[in-house]
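below are the sequence and a predicted model for it; my questions follow.
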Amino acid sequence: MLLIPCPFCGPRDQIEFTYGGDATLTRPDPATASEEAWAAYVYLRDNPKGPHSEYWHHHAGCRAWIKVRRDTLTHEISASAAATAPLAGEAGKP
Amino acid sequence: MARYSIFSLARHALRHHEDWPRAWRDPQPKPAYDVVIVGGGGHGLATAYYLAKNHGISNVAVLEKGWLGGGNTGRNTTIVRSNYLLPANARFYEHSLKLWEGLSRELNYNVMFSQRGVLNLAHSDAQMDAYARRGNAMRLNGIDAVLLDRDGVRDMVPQLDFSAAARFPIRGGLLQPRGGTARHDAVAWGFARAADARGVDIIQNCEVTGILREGDRVTGVETTRGTIRAGKIGLAVAGHTGHVAAMAGLRLPIESHLLQAAVSEPLKPLLDTVVTSGAAHVYVSQSDKGELVFGGDLDFYNSYAQRGNLPAIASFTTALIALFPGFGRLRLMRHWGGVMDMTMDGSPIIGKTPLRNFYIDGGWCYGGFKATPGSGWVFAHTIANDAPHPLNEAFSLERFASGHVIDERGAGPVPGAH
């Protein structure tokens, strides 16, 4: 069972959350992005075997979107933050 | 290869089964091969077999990091079917099903293929309409399909809850009579033995740790048993397609997810078909050992852990008991997890890559086992000819960027949703 540390509510059971996928992608600028950049954004993923930054939605709690760093091999969670804040050790990208 | 038959069985029985020859060799890796297949599961071994048999390419190595069939070949729930709506899927999986129908004879190895039927339950009028449409599409593609009403389902599976209070009322179902199950380990062993007999080197305990590139060309692999040069490299690594392709510098339209399954204690025969319910998110069959084999949804987050968490098990077990109230008395015997390479449209990727001599057979989502012979057949063709067969040209890696996705569920680019 994953115990997900919501930055607003504290540690909560995974069944309160919905997974939101890779949190490292940046939406291209529609005014200037090439088709290749769009295809990469929509379809391609790093899919790491190890630490993974990802979104979760605390739908049965505070209903906020949050960001979590979780190891995809061990399921260990090492950091969490509000969706718009950087994770610990992450560059200050919003 | 010493052929298996009733006579060889009798002969060895007289010798107390003490001198059966080993089914395949255990060779040291050679410095170079024409083709290296990464992954010694059903798909990789089938590819090697068809490379040797159909294309005369037998200077082939299959590299397996663990033991044969120890990955997803040994973790799936053994269902074989071709009940697809979209033409590309229907043609490909039907080709695979036809290969299954002759496989035990082809390999001289009993894969215990049992065409006990696959029944998809409908619980609403809308689902009946959808199954009528899918059944018609299947029949137009030459695939067997029978639309059952409520009484038709009751005749086949009376154990289902047909009471007025049923949580999932049964409206009917779509049956593919030629679908069924097979013995998953036997598929890997049968292809291994037949490929080995045609000169393929099967090398276990040999993990690929790097892929050698010269410009836009791959030239070999680094492994835990040394460097092996290769004219061509084919990946058949199931849930690790993204991980191994990253060694060659490729990013793929794949997320690796976790899928669990479970078996009950063994019972006398009581369920003689495969029953699935998309609405309840569960499927079940009974193995030849008597265990009920069942599973459901993904755990819905990226994972390479090969072990899952309780919420998914609780979800599909609850659904199973809602459909079959009598199963609530049974004890759970085992549960396990495997890594699925979920693609962005829910269909596999079988074909060429931006790198020369580098081919991918992956992205099998929930359904790689049934594709085993078909996948090996078309992948061998693709590697041998450096071009896809008409049966797999739609499953190209480029289809995502070009907009030709094959999205059976219409779920969009959300891998966990397929």
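Ah, there it is.

find the nearest non-adjacent residue to the residue positioned nearest the centre of chain A, please.
Using CA atoms, centre = their mean, the residue of chain A that lies closest to the mean C-alpha position is A:E54, 2.0 Å off. Using CB to CB, 6 or more residues apart in numbering or on different chains and skipping the chain neighbours, the partner closest in space to A:E54 is A:A23 (5.2 Å). From N, CA and C alone the C-beta is placed, and that goes for glycine too.

ok, the one you found touching A:H57?
No - the pair A:A23 and A:H57 does not pass the contact test of CB atoms under 8 Å, sitting 11.9 Å apart.

of these two, which one has the most company?
A:A23 (19 against 16; other CB atoms under 10 Å in any protein chain shown).

which residues sit in contact with the closest residue to B:S396 other than its chain neighbours?
Closest residue to B:S396 apart from its sequence neighbours, by CB to CB, 6+ apart: B:G351 at 4.6 Å. B:G351 is in contact with B:Y359, B:I360, B:T382, B:P388, B:N392, B:E393, B:F395, B:S396, B:L397, counting by CB atoms under 8 Å, 6 or more residues apart in numbering or on different chains.

and the residue of the stretch 1-150 of chain B nearest chain A?
Here the residue of the stretch 1-150 of chain B nearest chain A is B:K65; by CB to the nearest CB that distance is 13.1 Å.

which SSE is immediately downstream of the helix or strand harbouring B:G173?
B:G173 is part of strand B:172-176 when elements are defined by DSSP states H and E. Following strand B:172-176 in sequence order, the next helix or strand is strand B:180-181 (DSSP H and E).

can you pull out the residues in contact with that following strand?
Strand B:180-181 has contacts (CB under 8 Å, 6+ apart) with B:78-81, B:113-118, B:274, B:285, B:287.

quick check: mean pLDDT of that strand?
Mean per-residue pLDDT for strand B:180-181: 98.

what average pLDDT does whichever helix or strand comes after that strand get?
Next helix or strand after strand B:180-181 toward the C-terminus (DSSP H and E): helix B:184-197. Averaged over helix B:184-197, pLDDT sits at 97.

neighbours around the closest residue to B:N83 other than its chain neighbours, how many?
Nearest residue to B:N83, sequence neighbours excluded (CB to CB, 6+ apart): B:Q176, at 4.5 Å. Neighbourhood size, B:Q176 [other CB under 10 Å]: 24.

so how far is chain A from B:Q176?
Separation of B:Q176 from chain A (CB to the nearest CB, to the nearest Å): 31 Å.

how about the residues of chain A near chain B?
A:1-2, A:14-15, A:18-19, A:21-22, A:35-36, A:39-40, A:42-47, A:49, A:52, A:54, A:70, A:72-75 (CB under 8 Å from any CB of the partner chain).

go ahead and build a PyMOL selection from the buried members of these.
Typed into PyMOL, the line below selects the buried ones among the residues of chain A next to chain B, using 16 or more other CB atoms under 10 Å in any protein chain shown:
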select buried, chain A and resi 2+14+15+19+21+22+39+40+42+43+44+45+47+49+52+54+70+72+75
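
now intersect the residues of chain A next to chain B with the strands, please.
In strands, defined here by DSSP state E, the members of these are A:T18, A:Y19, A:G21, A:D22, A:H52, A:E54, A:R70.

show me the shaky parts of the stretch 251-400 of chain B.
Nowhere does the stretch 251-400 of chain B drop to pLDDT under 70.

which residues of it lie near chain A?
Within the stretch 251-400 of chain B, the positions adjacent to chain A are B:251-256, B:300-305, B:309-311, B:344, B:400 by CB under 8 Å from any CB.

report the buried members of those.
Buried by 16+ other CB under 10 Å: B:252-256, B:300-305, B:309, B:344, B:400, out of those.

what segments of the stretch 251-400 of chain B are strands?
Counting by DSSP state E, counting those that start in this stretch, the stretch 251-400 of chain B has strands at residues B:254-266, B:274-277, B:282-286, B:291-302, B:332-343, B:349-352, B:358-362.

deepest of the ones you listed, which one?
strand B:358-362 (a mean of 27; mean count of other CB atoms under 10 Å in any protein chain shown).

just send the strands of the stretch 251-400 of chain B back as TSV, with distance to B:R225 too.
Formatted as TSV, those follow (distance: least, CB to CB, whole Å):
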stretch	distance to B:R225
strand B:254-266	25
strand B:274-277	40
strand B:282-286	38
strand B:291-302	30
strand B:332-343	23
strand B:349-352	27
strand B:358-362	21
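
figure out which of the ones you listed is closest to B:A32.
strand B:358-362 (16.2 Å; CB to CB).

was I right about B:P21 contacting B:A2?
Yes - using CB under 8 Å, B:P21 is in contact with B:A2, at 5.5 Å.

higher neighbour count, these two?
Using other CB under 10 Å as the criterion, B:P21 and B:A2 rank with B:A2 on top: 12 against 9.

secondary structure element holding that one?
Counting by DSSP H and E, B:A2 is found in no helix or strand.

let me know the pLDDT of it.
B:A2 is assigned 87 on the pLDDT scale.

for it, give me its contacts.
B:S8, B:P21.

what do you get for B:K289?
Counting by CB under 8 Å, 6+ apart, B:K289 makes contact with B:P266.

what's the separation between it and chain A?
Between B:K289 and chain A the distance, using CB to the nearest CB, works out to 30 Å.

so that residue versus B:A261, what's the distance?
Separation of B:K289 from B:A261 (CB to CB, to the nearest Å): 15 Å.

same thing with B:G249?
Distance, B:G249 to B:A261, by CB to CB: 34 Å.

same question, B:E214
On the measure of CB to CB, B:E214 and B:A261 end up 42 Å apart.

can you check B:A52 too?
Distance, B:A52 to B:A261, by CB to CB: 33 Å.

got it, and A:S78?
29 Å.

now swap in B:G42 and tell me
From B:G42 across to B:A261, the span is 17 Å (CB to CB).

how about the helices in the stretch 1-150 of chain B?
Secondary structure of the stretch 1-150 of chain B by DSSP state H, counting those that start in this stretch: the helices cover B:6-14, B:42-55, B:87-101, B:103-107, B:125-140, B:150-156.

could you dump these into a markdown table with mean pLDDT, distance to B:D196 and mean neighbour count added?
Formatted as a markdown table, the helices of the stretch 1-150 of chain B follow (pLDDT from 0 to 100; distance: least, CB to CB, whole Å; neighbours: other CB atoms under 10 Å in any protein chain shown):
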| stretch | mean pLDDT | distance to B:D196 | mean neighbour count |
| --- | --- | --- | --- |
| helix B:6-14 | 96 | 17 | 10 |
| helix B:42-55 | 98 | 9 | 27 |
| helix B:87-101 | 98 | 19 | 21 |
| helix B:103-107 | 98 | 11 | 18 |
| helix B:125-140 | 98 | 37 | 16 |
| helix B:150-156 | 98 | 41 | 15 |
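
pretty sure the residue of the stretch 1-150 of chain B closest to chain A is touching B:V208, no?
Yes - contact criterion CB under 8 Å: B:K65 and B:V208 qualify, at 7.1 Å.

more neighbours: which of these two?
When B:K65 and B:V208 are compared for neighbours, B:V208 comes out ahead with 23 against 20, by other CB under 10 Å.

ok, the residue nearest the centre of chain B - contacts?
By CA atoms, centre = their mean, chain B has its centre lying nearest to B:F369, at 1.5 Å. Applying CB under 8 Å, 6+ apart, one finds that B:F369 lies in contact with B:G42, B:N72, B:T73, B:N76, B:T77, B:T78, B:I79, B:V80, B:A182, B:H184, B:V187.
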